[in-house]
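In: for reference, the sequence and a predicted model appear below.
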Amino acid sequence: MIDTSEKSFEAHIETVLTASGYRKREPKNYNAESCMDEEMLFEFIYATQPKEWKNLKEQHGEEVKAKFVYRLKSEIESRGLLDVLRKGFADYGSRFQLVYFAPESTLNPEHALLHQNNIFSIMRQVKFSQKDGKSLDTVIFLNGLPISTLELKNYLTGQNVQDAIKQYRYDRDQREDLFAFKRCLVHFAVDNDLVYMTTRLAGKSTFFLPFNKGFENGAGNPVNPSGFKSAYLWEEVLQKDSLLQIIAEFMLVSIEKTTDEEGNQKEKETLIFPRYHQLDALRKMVAHARKHGAGQQYLIQHSAGSGKTKTISWLAHKLSSLHDASDQKIFDTAVVISDRRVIDKQLRDEVQQFEQTAGVVAAIDQGSSQLKEALESGKKIIVSTLQKFPYIVEELVKQEGKKFAVIIDEAHSSQSGESTKSLKKALGSLEEAEAENESEEELTSEDVILAELSSRGRQKNISFFAFTATPKDKTMQLFGTKKADGTFEPFHLYSMRQAIEEGFILDVLKNYTTFQTYFNLIKKIEEDPQYEKKKGIALLKGYVELHDHAIGKKTELIIEHYLSHTTRKIDGYAKAMIVSRSRLHAVRYKLAFDQYIKEHKYPIKTLVAFSGTVTDGGKEYTEAGMNGLRSDKLTADTFKLPEFKILIVANKFQTGFDQPLLHTMYVDKKLGGVMAVQTLSRLNRTTKGKEDTMVLDFANYEEEIQKAFQPYYDKAILTKATDPNKLYDLERNLLDFGIFAKDDVETFAKVFFKRGATQEKLHPLLDPIVEEYMKREKKEKIDFRDQLKNYVRMYAFLSQIVSFKDVNLEKLYAFLRMLGRKLPAEKERLPVEITDNVNMNTYRIQQISSGNIELEKKTGELKPIEGLGTGKGAGEEKEFLSRIIDEVNERFGTDFTEGDKVFFAELQTRLAGNETLSQSAKTNTKDALKLVFAHIFEDQLHTMVESNFDIYKKIVENAEFGKFVKEKMFEEVYKKLEE
C-alpha cells in the first residue's frame with residue numbers, strides 16, 4: 001500500500017537531494033546552541049584550509065574548536081550569514097572562508113578543486129530549540145551552516161501550503177537562533193503543488209512571497225508528468241550548483257531609508273532571495289549569451305510588480321563578468337540604459353555586495369567624452385539615460401574589437417516637451433491645448449530607440465536586452481524572438497495576469513467605470529426609493545447637457561466623489577490622480593480645485609504636474625509656482641506628505657511613477673494602446689491596507705480600455721455596471737440553493753457587527769453552512785460560489801457610489817464575504833492568507849472590487865507593421881460615407897443624417913483631387929503624407945464653411961471630433977490615391 005504521509009513526502013525530497021550529492025545527516029548532529037552541524041563544518045575547514053587551522057590551533061590549543069565556533073557564531077550574529085559566507089572571517093590572524101563559489105573561468109584549477117570540497121547536507125525533523133522538543137521538517141546545510149528551512153505539507157493528509165505558512169507564523173519563534181533574521185537565508189513553505197518563501201520570520205506579520213513557475217501565464221505551477229508540481233524546488237533550485245550561484249550572485253541585503261512623521265530617519269533591512277521568474281529569466285539569458293555570444297536581441301516582457309530593477313541589476317553584474325567555454329570574456333562592458341533615478345545608486349550598492357573592489361559602476365550624465373573615458377578605463381558596468389541612447393550606441397559601434405551588452409529599461413517616457421519644441425506658448429482655448437497635447441504624445445523614448453536601432457541594423461559586437469511590460473509591435477519585431485511560423489514572441493515572459501494573481505500588483509480594471517455608466521447608475525438609483533440619495537446626483541444630471549470641457553462641474557464631481565468614497569481607503573491615507581487632457585487643462589483644474597477646496601474648507605491639498613510654462617489669460621503658470629515649491633523636482637516627494645491627497649497631471653507621472661497610496665484615478669483624456677496601460681497602472685502598486693482601486697473615466701469607452709490591456713494581460717468579456725436591483729436577484733438565487741437561510745445571516749450579523757466581538761464566535765456560525773455546501777454536487781458548488789462572488793463584487797462596486805438604505809444588503813455582504821473565505825478552495829487557488837491578507841477579527845467594511853473589465857486568459861496579439869491591407873473587403877456592410885455618419889453619431893452624440901453625406905462627399909472629392917496631395921503621395925511614405933494631408937485638409941475645410949456650417953463648426957471647435965473626421969478622411973483618400 002502506498003505511503004501517503006507527510007514523512008513519505010520528506011523522504012522523497014531527501015532521496016532526490018542525496019542522489020545529487022547531498023549528505024544525509026541525523027537530527028542528533030545538530031547543535032541548537034551554536035546553530036550548526038559542527039562535524040560537517042570542521043570537515044570542510046580541515047579539507048580546504050589546513051594551514052590556517054594549524055596556525056589557529058597553535059594560538060588556542062585544545063580549546064581551538066570551541067573558540068572557533070564561538071567566534072564564527074558572533075560574526076554571523078553581527079554581520080549576517082550572507083556576508084560571512086561571501087567574505088569569510090578572521091580569528092587571531094588566521095582568515096577562513098566558509099564556502100568556495102564556482103570560479104568564473106577554468107583558469108584557476110586550485111579554486112575549482114576547493115569548490116568541489118563544499119559539503120551540502122540535509123537533515124530531517126531537526127529539534128531547533130533548547131527550550132522544548134519542537135522539530136522542523138527539513139533543514140539544508142552548507143558546510144555545516146544552516147542556509148534554508150522547509151516546512152512540508154501534503155494534500156493527501158488534508159493539509160497544504162497554507163498550513164505550512166501558518167506554522168511558520170505562529171509556531172516558529174524568530175527569537176530562536178535558527179529563525180533569527182539573516183541567520184538562515186531563506187525559509188520555504190511547501191506542499192505537493194505550491195511553494196512560498198520568506199527571508200524574515202516576524203510572527204503573524206511574516207510576509208511570504210510566491211515562488212512558483214506560473215501556469216498558463218497565471219499563478220501556480222504546471223502539471224508535472226513525472227511527479228509533484230513543486231518538484232522543481234528540490235530538483236532544480238536546491239541543487240548544489242544552483243544554491244551556490246544564488247548565494248554568490250543573487251542574494252542581497254537591501255536597505256530602505258524612511259522618515260517618520262517627526263522627521264527621524266530609519267533604516268529597514270530586507271534580505272532579497274530571487275523570485276522564481278527572475279531566476280529563470282536570468283539563467284536563460286546568461287546561458288543563451290554564453291552559447292551565442294554578442295550580436296543578439298532579447299525582449300524581456302516582465303509586468304509591473306516583477307522586480308525589474310533587481311533583475312536588471314543582477315543581469316548587468318552577471319554579463320559584465322561572463323566567460324564562454326573557452327574562458328574568453330563575452331562582453332567587455334555592460335551598459336544599462338534607464339530613466340529610473342534610483343537605478344544608478346541601486347546598482348552601485350548591490351554590485352558592491354558581490355565585488356571586492358570599488359568603482360565597478362560608472363554613471364554617464366555628461367557628454368560622449370565621459371562615456372569614452374569610462375570605456376577606455378575598463379569600467380565593467382556603465383549606467384546612463386534614455387536621452388543619451390543614440391550617441392551611446394554610436395560610441396559603442398566605434399569601439400573596435402570590443403563587445404557590449406546593452407540593457408534597456410522600460411522605454412515609454414515621453415520625448416515631447418523641451419526636447420522637441422518650446423513649451424512657453426500662449427494657448428487661446430482648451431481645444432487648442434488638447435490639440436497640442438495630441439501632438440506631444442506621439443514621440444516616446446521607445447520610438448527614439450527603435451528609430452536608432454532600425455537605422456543601424458544589427459551590430460555584431462552589441463547584444464541588446466530590452467525590458468518592458470508593454471512592448472509595442474515594432475519593439476516586438478526588433479527585439480523579439482522569431483518563431484518558425486514568422487511570428488515574434490518575448491524571450492521571457494512574466495505576465496500582468498501572473499503578477500496580479502500572485503498579489504504583486506492590483507487589477508486596476510476590477511473597479512473601472514466610465515462616466516456614462518456612472519451617470520446611468522446614479523440616475524437609476526435616484527429613481528428607486530430603495531436607495532439613499534447622495535451628494536452630487538443633481539450635478540451629475542446636469543453634467544450630460546454641459547460642454548465637454550466643463551472643468552468647474554467636473555471639479556465638484558471629482559472632489560465630492562473623492563471625499564465620499566476614496567478618502568477612507570488605505571486606512572485613511574488614499575490619494576487620487578486626475579489625468580487631464582493638456583497642460584492648460586491641468587492649470588485650470590488646479591485653480592478650480594484649490595478654489596473649491598477653500599470655499600468648502602476641506603482639509604486636503606492638491607499638487608499639479610506639467611512641463612514648461614503655460615500662459616492663460618495673460619498670466620504665466622509653472623508647476624513649481626502653482627505648487628509653491630522651489631523646483632519641479634520636489635513634486636513627487638511632496639506628494640508623499642499626508643496632507644496632499646490629489647495630484648493633477650498633464651503628460652507627467654503617467655509612466656514610471658510609483659506611489660502605492662494612489663487609489664483612485666479620474667481620467668479626463670483620451671487614452672489608447674500602451675499609454676492607457678501605463679497610465680492606469682499607476683494605481684496597481686500594493687501596500688498595507690490597500691485592497692482595491694477605482695477608475696472613473698470621463699473620456700474613454702470600456703471597449704477601448706479592454707482592447708489596450710488585452711495584449712499584455714491574458715483574461716475577457718466586458719462586465720459593465722448594471723441594474724442595482726440585481727443584488728436582490730442574486731440574494732434570492734443564493735437563498736434558493738438552501739445552503740443557508742435568512743436567519744443565518746441575521747445571527748451572523750448580530751455577532752459580526754457587535755463591538756468587541758472576536759472571531760472565534762463566527763466560526764461556529766459558518767462551519768455548519770460550509771458542511772452543507774460540501775454535501776452538494778460539484779456543479780452546484782461551482783454555481784453557488786460564482787453567485788456568491790458576483791454578489792460580493794457587485795455590492796462592493798455599487799457602494800463605491802451610493803449608500804444603501806436597506807441594511808439587509810450590508811449584512812448579507814459581510815456574511816457572504818466571510819463565508820467565501822471559509823469555503824474550501826480548489827487546489828489551484830492561492831492560500832486564503834495570501835490572497836485576502838486580512839483576518840476576520842480585523843475586518844472593517846471597506847468596499848472591494850468589481851464593476852470590472854475582464855480580460856481573456858489567452859495570448860494577446862500585437863499587429864505586425866507590414867500586415868496593414870488597403871483594399872476593401874467584398875462583404876463590407878456600408879460604403880464609407882454612410883459608415884462615417886453612423887460612427888460620428890454613435891461616438892459623439894450628434895444627429896447628422898444621410899443628407900449630411902453631401903458635405904463629406906464634397907470634402908473627400910476636393911482632397912482626392914488635390915494636385916499637391918496627389919504628387920506628394922507618389923514620393924512620400926504614408927506617415928509623411930499624413931503631415932501634408934493635415935495642412936491641405938485645413939485649407940479645404942475653410943473653403944466649405946458656408947456649405948454646412950454646423951459640421952464645419954463641430955470639426956473646428958471640438959478637437960477630438962475634428963481629429964476623428966480628419967483620420968477617417970485621410971484613410972479613405974489614401975486608398976483612392978493608391979488606386
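Out: Perfect, thanks for sending it. Every value quoted in this text rests on a predicted model; they were computed, and no experiment measured them.
In: I'd like the domain boundaries of the protein, if you could list them.
Out: 6-250, 274-494, 527-675, 726-842, 869-978 (automatic domain parsing).
In: sketch out the low-pLDDT regions of the stretch 401-550 of the chain for me.
Out: The model of the stretch 401-550 of the chain has pLDDT under 70 over residues 411-448, 450-457, 516-550.
In: go again with 90.
Out: 401-402, 409-461, 468-489, 507, 509-550 (pLDDT under 90).
In: go on, the stretch 151-300 of the chain?
Out: For the stretch 151-300 of the chain, the stretches flagged by pLDDT under 90 are 155-158, 217, 226, 252, 254-268.
In: can you do 80?
Out: 256-265 (pLDDT under 80).
In: lowest mean pLDDT across the domains of the chain, which one is that?
Out: Of all the domains of the chain, mean pLDDT reaches its minimum on domain 869-978 (a mean of 71).
In: next SSE after whichever strand or helix holds Ser242?
Out: Secondary structure from DSSP states H and E places Ser242 in helix 240-245. With elements assigned by DSSP H and E, the helix or strand that comes after helix 240-245 is strand 252-259.
In: not counting the helix or strand that that next one is followed by itself, show me its contacts.
Out: Counting by DSSP H and E, the next helix or strand C-terminal to strand 252-259 is strand 265-272. Outside strand 265-272, the residues that touch it by C-beta atoms under 8 Å, 6 or more residues apart in numbering are 80, 82, 181-182, 185, 199-200, 250-260, 310. C-beta coordinates here come from the backbone N, C-alpha and C atoms, glycine included.
In: could you rerun that using 10 Å?
Out: By C-beta atoms under 10 Å, 6 or more residues apart in numbering, the residues outside strand 265-272 that reach it are 80-82, 181-182, 184-186, 198-200, 250-260, 278, 307, 310, 314, 350, 353.
In: what's the neighbour count on Phe389?
Out: 20 (other C-beta atoms under 10 Å).
In: check the secondary structure at it for me.
Out: helix (DSSP: H, G, I helix; E, B strand; the rest coil).
In: mind checking how far it is from Ala334?
Out: As judged by C-beta to C-beta, to the nearest Å, Phe389 and Ala334 stand 15 Å apart.
In: coming back round to it: what helices and strands are in contact with the helix holding Ser242?
Out: Applying 3 or more C-beta pairs under 10 Å, 6 or more residues apart in numbering; DSSP states H and E, one finds that helix 240-245 contacts strand 120-127, strand 135-142, helix 276-292.
In: can I get these in JSON lines including mean neighbour count and distance to Phe644?
Out: Shown next, in JSON lines, are those (neighbours: other C-beta atoms under 10 Å; distance: least, C-beta to C-beta, whole Å):
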{"stretch": "strand 120-127", "mean neighbour count": "20", "distance to Phe644": "51"}
{"stretch": "strand 135-142", "mean neighbour count": "22", "distance to Phe644": "47"}
{"stretch": "helix 276-292", "mean neighbour count": "18", "distance to Phe644": "34"}
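In: next, format those as TSV and append distance to Asn790.
Out: Output for the helices and strands packed on helix 240-245, formatted as TSV (distance: least, C-beta to C-beta, whole Å):
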stretch	distance to Asn790
strand 120-127	46
strand 135-142	40
helix 276-292	32
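In: go through these and name the closest to Met818.
Out: strand 135-142 (31.4 Å; C-beta to C-beta).
In: next secondary structure after that closest one?
Out: strand 145-152.
In: state the next helix or strand along the chain beyond that next one.
Out: Per DSSP H and E, the first helix or strand lying C-terminal to strand 145-152 is helix 161-171.
In: elements contacting that next one?
Out: Helix 161-171 packs on strand 135-142, strand 145-152, strand 186-190, strand 195-198, helix 832-836, going by 3+ C-beta pairs under 10 Å, 6+ apart.
In: kindly export the fourth one (C-alpha atoms) in PDB.
Out: Looking back up the chat, that one is strand 195-198. Included here for strand 195-198 are C-alpha records, laid out as PDB according to Å, rounded to 0.1, in the frame of the first residue of the first chain:
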ATOM      1  CA  VAL A 195       6.000  26.900  -2.900                       C
ATOM      2  CA  TYR A 196       6.200  30.100  -0.900                       C
ATOM      3  CA  MET A 197       9.200  31.700   0.600                       C
ATOM      4  CA  THR A 198      10.300  34.300   3.100                       C
END
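In: what's the neighbour count on Asn733?
Out: For Asn733, using other C-beta under 10 Å, the count is 16.
In: do you know how far it is from Asp806?
Out: Taken as C-beta to C-beta, the span from Asn733 to Asp806 is 17 Å.
In: how about the contacts made by Ile604?
Out: Ile559, Tyr562, Leu563, Thr567, Lys575, Ala576, Phe593, Ile597, Glu643, Phe644, Lys645, Ile646.
In: pop out the phi and psi values for it.
Out: phi -130, psi 160 (degrees, to the nearest 10).
In: could you do the one 10 residues further on as well?
Out: Geometry field for Val614 lists phi and psi as phi -110, psi 130, criterion degrees, to the nearest 10.
In: didn't it look like it was pressed against Leu591?
Out: No. With contacts counted by C-beta atoms under 10 Å, Val614 stays clear of Leu591, the gap being 11.2 Å.
In: common neighbours of those two, please.
Out: Common neighbours of Val614 and Leu591 (C-beta under 10 Å, 6+ apart) are Tyr621, Met626.
In: out of those two, which sits in the busier spot?
Out: Per other C-beta under 10 Å, whichever of Val614 and Leu591 has more neighbours is Val614, with 26 against 17.
In: now, among the contacts of Ile604, which is nearest to Gln940?
Out: Phe593 (41.0 Å).
In: what strand or helix carries Phe467?
Out: Per DSSP H and E: Phe467 is located in strand 462-468.
In: buried ones in the helix or strand just after that strand, by neighbour count?
Out: With elements assigned by DSSP H and E, the helix or strand that comes after strand 462-468 is helix 473-479. For helix 473-479, a neighbour-count test (16 or more other C-beta atoms under 10 Å) marks Asp473, Lys474, Thr475, Met476, Gln477, Leu478, Phe479 as buried.
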